[in-house]
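> I would like the atomic coordinates for the input below:
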Amino acid sequence: MADRVRRLGLAAAVGSCLLAGAATAQMATQTATQGPLRLVPTPSPSPSPVVEQPPAPPVPVPPQPSPAATVVRPGQPAANPASIPQPSASADPAQFIPPTHRPQPTDRVAAVRAFYEALGQADAARANTYVIPEKRGSGAYDIASMTRFYGNMSVPVRLLAAEPIGRDAVRVRYHYVHVSGRTCDGAAEVALAERDGLALIERIRALNDC
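Sure thing, here's the model as predicted:
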């Protein structure tokens with residue numbers, strides 16, 4: 001009985017080997033028929049084109065002035081640095097005196113009118129510019145006295161009329177009211193003389209009491 005079983009097991013093992021060999025031969029036949037396997041490369045996506053950007057324009061840089069090199073030789077004193085120019089001082093408006101308009105020699109009436117206009121503004125200094133130089137600032141033309149008198153008016157001096165009489169004289173009429181209440185309707189003859197091409201007042205002769 002044991003020998004029979006052994007023979008059956010051996011037969012089964014031989015059968016298994018035969019079946020395995022047949023399967024291997026069949027696979028080899030299929031391989032020879034179909035040929036070797038071929039690898040097909042997968043196409044890779046083409047890269048997108050690169051758009052080149054134009055280079056940015058260079059920013060202009062103003063040239064910087066380079067300080068000039070100073071060469072100092074032995075025994076030579078170093079040069080003093082150049083001084084920085086300072087702005088010129090502007091003129092003080094308070095010191096600026098505008099030129100006074102002066103009448104021409106033949107315009108004697110205009111000179112008299114300008115004189116009384118200055119008195120009406122209590123500007124004795126300007127009124128003196130219409131007087132001959134030898135009488136300016138003295139006597140009846142003292143600047144302080146004229147300023148004090150004509151500055152104390154409730155109604156300033158106002159020239160009413162100016163008419164030429166002869167070649168070198170002008171007759172005038174004027175009006176003013178002093179702060180004291182005194183009213184003046186005055187008249188006078190103004191004599192003029194020519195100095196350096198200008199018509200200037202030489203004297204004033206009152207024709208009434210003011």
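> start to end distance for stretch 162-181?
End-to-end distance for stretch 162-181, by CA to CA, to the nearest Å: 26 Å.
> In it, which of the residues would be classed as buried?
Of all the residues in stretch 162-181, those buried under the rule 16 or more other CB atoms under 10 Å are 162, 169, 170, 171, 172, 174, 176. In this view, the C-beta of every residue, glycine as well, is placed from N, C-alpha and C.
> can you check stretch 116-128 too?
116, 117, 118, 119, 120, 122, 123, 124, 126, 127, 128.
> same check, this time on stretch 186-197
Residues of stretch 186-197 classed as buried: 186, 188, 190, 192 (neighbour count, 16+ other CB under 10 Å).
> Touching, the last one and residue 110? I think so.
No - at 10.9 Å, residue 192 does not count as touching residue 110 under the criterion of CB atoms under 8 Å.
> and which of the buried residues of stretch 162-181 is nearest to residue 156?
Compare each of the buried residues of stretch 162-181 with residue 156 using CB to CB and the shortest gap goes to residue 176, at 6.3 Å.
> Tell me if I'm right that that closest one and residue 155 touch.
Yes - when contacts are counted by CB under 8 Å, residue 176 is listed as touching residue 155 (5.7 Å).
> related to what we said a few turns ago, as TSV, the buried residues of stretch 186-197 with distance to residue 144, secondary structure and pLDDT would be great.
Formatted as TSV, the buried residues of stretch 186-197 follow (distance: CB to CB, whole Å; DSSP: H, G, I helix; E, B strand; the rest coil; pLDDT from 0 to 100):
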residue	distance to residue 144	secondary structure	pLDDT
186	22	strand	96
188	22	strand	97
190	22	strand	98
192	25	strand	96
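> Just give me the closest of these to residue 208.
Set against residue 208, the nearest of these by CB to CB is residue 186 (5.9 Å).
> Surely the closest one and residue 178 touch.
No - Residue 186 is beyond contact range of residue 178, at 11.9 Å (criterion: CB under 8 Å).
> before we move on, the earlier item: show me which pair in the buried residues of stretch 162-181 is furthest apart.
When these are compared pair by pair using CB to CB, the farthest-apart members prove to be 169 and 176, with a separation of 22.1 Å.
> Would you agree residue 180 falls within a strand?
No - the assignment for residue 180 (DSSP: H, G, I helix; E, B strand; the rest coil) gives coil, which keeps it out of a strand.
> Sweet, I'm off.
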